[in-house]
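In: here is a sequence with its predicted model. Questions after.
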Amino acid sequence: QAVAERRAYLAEHRLRRRDGQWRHYSVRAIPTMDARGDIIEWVGVHTDITELRRTEDALRQLNAGLEIGIRQSTLERDRLWGMSQDIMAIASLNGYFLNVNPAFTAILGWSLEEAVSMPFLEMTHPDHRADLVSKVELLARGEALVRYEVRDLHRDGGFRWLSWTIVP
């Protein structure tokens, strides 16, 4: 095709060395032409890419293994998220839950949709709100909170004492 179209080409193939070992090569060549446009010769280079191909194969295998590991870890995390009897939540520093687990809805009565649409400060007893704001500032600086006790609003209007561990 390169000859017919009088253009450069790039190809890969295997060559056997004198010692009998097969190697992968990348071949690049361009035609040189005379004044009439006829091809006189091809000028090119063969580059041994055997190690490159081995590295690519090793990376493909590594990625496949990582994908399996990630899939398994995700399944385990999702199983823990769904089965835990403890409240778990993911929240942003702008004051909203991004996700809550089923225990959250079972203990506090809020559906997932309600929990993520209401600022979490509104779910906190008014006596604890100023303290919670200061705790969020600590989280923003990278500090964790262990056994942070606060009263949170149940959907029925009452409050429940909860002890939170919160990490940034």
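Out: Done, it's in. Numbers count the residues shown, from 1 in each chain.

In: can you point out the buried residues in the helix or strand containing Ala64?
Out: Ala64 is part of helix 50-83, with elements assigned from DSSP states H and E. Neighbour counts using 16 or more other Cβ atoms under 10 Å place no residue of helix 50-83 among the buried ones. From N, CA and C alone the C-beta is placed, and that goes for glycine too.

In: got it, and stretch 107-126?
Out: Of the residues in stretch 107-126, those buried (16+ other Cβ under 10 Å) are Ile107, Leu108, Gly109, Trp110, Ala115, Val116, Phe120, Met123, Thr124.

In: of those, which one scores lowest on pLDDT?
Out: Model confidence across the buried residues of stretch 107-126 bottoms out at Phe120, which has 91.

In: quick one: buried residues of the longest strand anywhere in the chain?
Out: Across the chain, the strand with the greatest residue count (assigned by DSSP state E) is strand 22-33. Of all the residues in strand 22-33, those buried under the rule 16+ other Cβ under 10 Å are His24, Pro31.

In: which one of the buried residues of stretch 107-126 is nearest Leu98?
Out: Lowest distance from Leu98 to the buried residues of stretch 107-126 (Cβ to Cβ) belongs to Val116, with 6.5 Å.

In: helices of this structure, start to end?
Out: Counting by DSSP state H, the chain forms helices over residues 2-5, 50-83, 102-108, 112-117, 129-140, given from the N-terminal end onward.

In: give me the most central residue, this structure.
Out: Central residue check for the chain by Cα atoms, centre = their mean: the C-alpha nearest the mean position is that of Ile70, 9.3 Å away.

In: quick check: Arg17 touching His46?
Out: No. When contacts are counted by Cβ atoms under 8 Å, Arg17 is not listed as touching His46 (11.8 Å).
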